[in-house]
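Colleague: Sequence and predicted structure below; questions after.
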Amino acid sequence: MTGLTDNAKILLDLEPVAADALDAHLANSTDWYPHQYIPWSQGLDYEGVINGRPWEAADQRLNAASRDGLLYSLLAEENLPSYHRVIANGFSIDGAWGTWVHRWTVEESRHSTALRDYLIVTRAIDPVVLEDNRAAHVQHGYEADYDGDVLASLVYVTLQELGTRVAYQGIRRLCNEPACDALLNRIAHDENCHMLFYRAVLQAAMRIDPDRTLQGIAKVMANFRPPGHAIPGYARFATSMARSGIYSPSIHHDHVLVPLTRTLRALDTTGLTGTGRQAQERIAVLLDASAHRARRYAELSADIRSSTT
């Protein structure tokens, strides 16, 4: 093992766990086909070479909150080439890690395919605006905030997959449209399976190197941001999704941070060095700060609702 960097060593140590988690994922996952979830009969030709009808705002049937959530989600999903590069570089494309990276990419690609087809066929959004925003986001690329830190990267992807599942479930509650409901249920299931893979590996990391893993948890909790933070109009999307209950500070705290830190036993793991205990204390402070933001957001939201009724 001499000559290995800390990151290379932890990846090697975790590879048997990754292999087992991959086997479990493949045993429980089911391939699905995006075209089966799209109400093609609702489609009409668009303007252009086939002389269809241009998109009009009156074509929209989905409520605004669901539409914002779906558009943000699609734009985030369509930056998959950059995400693939980042996780391939971070976790390697060798052995079980490489098999996972490629399988994950196959499954994630279905999400953008199906979401785009659904939104275009149902005329839920302006296709010109969608394409312009997609081009801007993909050309911006994506760089990981935790490049060079395998354990922080594992924490991030675990939190992100869980948060994405929660967001899709939130959109599903609002959409009130059968095909959209079925599609979002399918995608949320995938995101949950991806979270389970990463969480299993992260739990092993807590057993192998709890001090560094706790440091990674603290690092990510301190400045977590979703991969779609560079999407054009991100601030507006984030505000819309928070107000509609798709994804808010309260949801992030109650349904993402708290469940994951409890599962990892981040606050009650023992046998730590001073570095690990400091990270543990930092996590407790960050959870308290998150809880305060969640309460404050809930109070402000209640005040706004009461003032508009």
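Modeller: Perfect, thanks for sending it. Numbering: from 1, shown residues only.

Colleague: Distance from stretch 174-192 to the middle of the chain?
Modeller: Distance, stretch centre to chain centre, for stretch 174-192: 15 Å (CA atoms, centre = their mean, to the nearest Å).

Colleague: Likewise for stretch 32-43?
Modeller: Counting by CA atoms, centre = their mean, stretch 32-43 is centred 24 Å from the centre of its parent chain.

Colleague: Quick check: mean pLDDT of that stretch?
Modeller: Computed over stretch 32-43, the mean pLDDT rounds to 97.

Colleague: End to end on that stretch, go ahead and measure it.
Modeller: Using CA to CA, to the nearest Å, the end-to-end distance of stretch 32-43 comes to 22 Å.

Colleague: Show me which positions of it end up buried.
Modeller: Residues of stretch 32-43 classed as buried by neighbour count (16 or more other CB atoms under 10 Å): 32, 34, 37-38. All C-beta spots, glycine's among them, are computed from the backbone N, C-alpha and C.

Colleague: Quick one: distance of stretch 25-33 to the chain centre.
Modeller: Averaged C-alpha coordinates place stretch 25-33 at 19 Å from its chain's average position (CA atoms, centre = their mean).

Colleague: buried residues in that stretch?
Modeller: So, applying 16+ other CB under 10 Å, buried residues of stretch 25-33: 25, 32.

Colleague: Now tell me what touches it from outside.
Modeller: 100, 103, 107, 110, 186, 190, 193, 196-197 (CB atoms under 8 Å, 6 or more residues apart in numbering).

Colleague: And the residue in the chain sticking out farthest from the centre, how far from residue 128?
Modeller: The outermost residue of the chain relative to its centre, with distances by CA atoms, centre = their mean, is residue 51 at 37.9 Å. Noted for residue 51: a distance of 16 Å to residue 128, by CB to CB, to the nearest Å.

Colleague: and the helix or strand hosting residue 27, what's its mean pLDDT?
Modeller: For residue 27, the element it lies in under DSSP states H and E is helix 6-28. On average, the pLDDT along helix 6-28 is 95.

Colleague: Is residue 30 in a helix, a strand, or coil?
Modeller: Three-state call for residue 30 (DSSP: H, G, I helix; E, B strand; the rest coil): coil.

Colleague: for the residue farthest from the centre of the chain, what are its contacts?
Modeller: residue 45.

Colleague: How is it classified with respect to secondary structure?
Modeller: With three-state DSSP as the basis, residue 51 sits in coil.

Colleague: try the one 4 residues further on
Modeller: The three-state label for residue 55, taken from three-state DSSP, comes out as coil.

Colleague: where does it fall, phi/psi-wise?
Modeller: Residue 55 has phi and psi values of phi -70, psi 140 when expressed as degrees, to the nearest 10.

Colleague: Give me the pLDDT for the residue lying closest to it once chain neighbours are set aside.
Modeller: Spatially, and ignoring its direct neighbours in sequence, residue 55 is nearest to residue 126 (5.2 Å; CB to CB, 6 or more residues apart in numbering). For residue 126, the pLDDT comes out at 96.

Colleague: per-residue pLDDT, residue 301?
Modeller: Reported pLDDT at residue 301 in the predicted model: 80.

Colleague: that older thread, could you redo the buried residues of stretch 32-43 as TSV and give each row secondary structure and distance to residue 278?
Modeller: What follows is the buried residues of stretch 32-43, written out as TSV (DSSP: H, G, I helix; E, B strand; the rest coil; distance: CB to CB, whole Å):
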residue	secondary structure	distance to residue 278
32	coil	45
34	helix	47
37	helix	48
38	coil	51
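
Colleague: one step back: number of nearby residues for the residue nearest to residue 55?
Modeller: The number of residues packed near residue 126 is 18, by other CB atoms under 10 Å.

Colleague: didn't it look like it was pressed against residue 58?
Modeller: No - counting by CB atoms under 8 Å, residue 126 does not reach residue 58; the two are 11.8 Å apart.
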